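Colleague: Here is the input, now give the coordinates:
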Amino acid sequence: MSQPPASGPAKAAYVRALFGRIVGRYDLMNDLMTAGRHRAWRRWAVAIARADGALALDIGTGTGDFALELVRQGATRVVATDFVEPMVRAARGKTPAAGIIDVAVGDALKLPFADQTFDCLASGFLIRNVADAAAAFREMYRVLKPGGRIVCLETSRPRTLHGRALISGFGVGARVLGTLVAGDSKAYGYLPSSTARFADADELAELMEESGFSSVRYRSISLGLAAIHSGIK
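Modeller: The predicted structure is shown next:
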């Protein structure tokens, strides 16, 4: 089976089409594939972002879970963007808090915001899917206010034998669940294959530092299946 495009416009088109067609089962599949743990992961990430009283940006919002968590933890206003229009429509359906959460179509590589707009910034499972990770981090840095915090929740490549065995089983399980629940094994085969080709946690931290962020650190979670990276502008 051929590999999905690794970067550039071809990857962007591939990712947009893929997520556009799985939106109806997206939340259910997240619950099944992580045994519901993605909710705790988001809570931990937002706690690091220190969203209380903040104007926050959620990039690659998907169906809006990060935006809702930012509000739960005290953000006074959240702007949530995604470049997949069906995801934006789904997020709008889940985020009825008019005046607190604004959901709009937006590309992480060309954010439609002025420099130094946001107090904090969050993304969940975004960077692995963008066409140019370095360009995405540069845009995040641009729109964040000085002293603002960034948090990125992302899948990762485990280092331990147990972790590597777990992610191997996770890949098989994702394809099976994708077939049985979402009717799309190809889409859910993309998750483990893209993770295998993605930067590891140390490499992602280095990329953030190269983009200008300071105090960059990360927390590995669930035996290294995912990591929460953070930094300050």
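Colleague: Please pull out the lowest mean pLDDT helix or strand from the protein.
Modeller: Least confident helix or strand of the chain, by mean pLDDT, DSSP states H and E, is helix 161-177 with a mean of 58.
Colleague: Low-confidence ranges, the protein, go.
Modeller: Scanning the chain for pLDDT under 70 picks out the ranges 1-2, 97-98, 158, 160-185, 187-189, 192.
Colleague: can we see that at 50?
Modeller: Scanning the chain for pLDDT under 50 picks out the ranges 1.
Colleague: What helices and strands are in contact with the longest strand that the chain contains?
Modeller: Assignment by DSSP state E gives strand 144-155 as the longest strand of the chain. If you count contacts as 3 or more Cβ pairs under 8 Å, 6 or more residues apart in numbering; DSSP states H and E, strand 144-155 packs onto helix 38-49, strand 118-124, helix 201-210, strand 226-232. (C-beta placed from N, C-alpha, C; glycine too.)
Colleague: Highest mean neighbour count out of these?
Modeller: strand 118-124 (a mean of 27; mean count of other Cβ atoms under 10 Å).
Colleague: List the strands paired with that one, with their directions.
Modeller: strand 55-59 (parallel), strand 144-155 (parallel) (DSSP bridges).
Colleague: Which of these sits closest to residue 5?
Modeller: Residue 5 sits nearest to strand 144-155 of all these, at 18.2 Å, using Cβ to Cβ.
Colleague: How far off centre is the closest one?
Modeller: In terms of Cα atoms, centre = their mean, to the nearest Å, the centre of strand 144-155 is found 12 Å from the chain centre.
Colleague: Quick check: buried residues in it?
Modeller: 144, 145, 148, 149, 150, 151, 152, 153, 154, 155 (16 or more other Cβ atoms under 10 Å).
Colleague: Kindly report the same for stretch 85-92.
Modeller: 86, 87, 88, 90, 91, 92.
Colleague: Those residues in helices, which ones?
Modeller: Secondary structure assignment (DSSP state H) places 86, 87, 88, 90, 91, 92 from those within helices.
Colleague: Now do the same contact list for the fifth one.
Modeller: Contact criterion Cβ atoms under 8 Å, 6 or more residues apart in numbering gives 61, 62, 63, 64, 67, 80, 82, 103 as the residues in contact with residue 91.
Colleague: quick one on the thing from earlier: please produce TSV containing the helices and strands packed on strand 144-155, extended by distance to residue 5.
Modeller: Converted to TSV, the helices and strands packed on strand 144-155 look like this (distance: least, Cβ to Cβ, whole Å):
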stretch	distance to residue 5
helix 38-49	26
strand 118-124	21
helix 201-210	19
strand 226-232	23
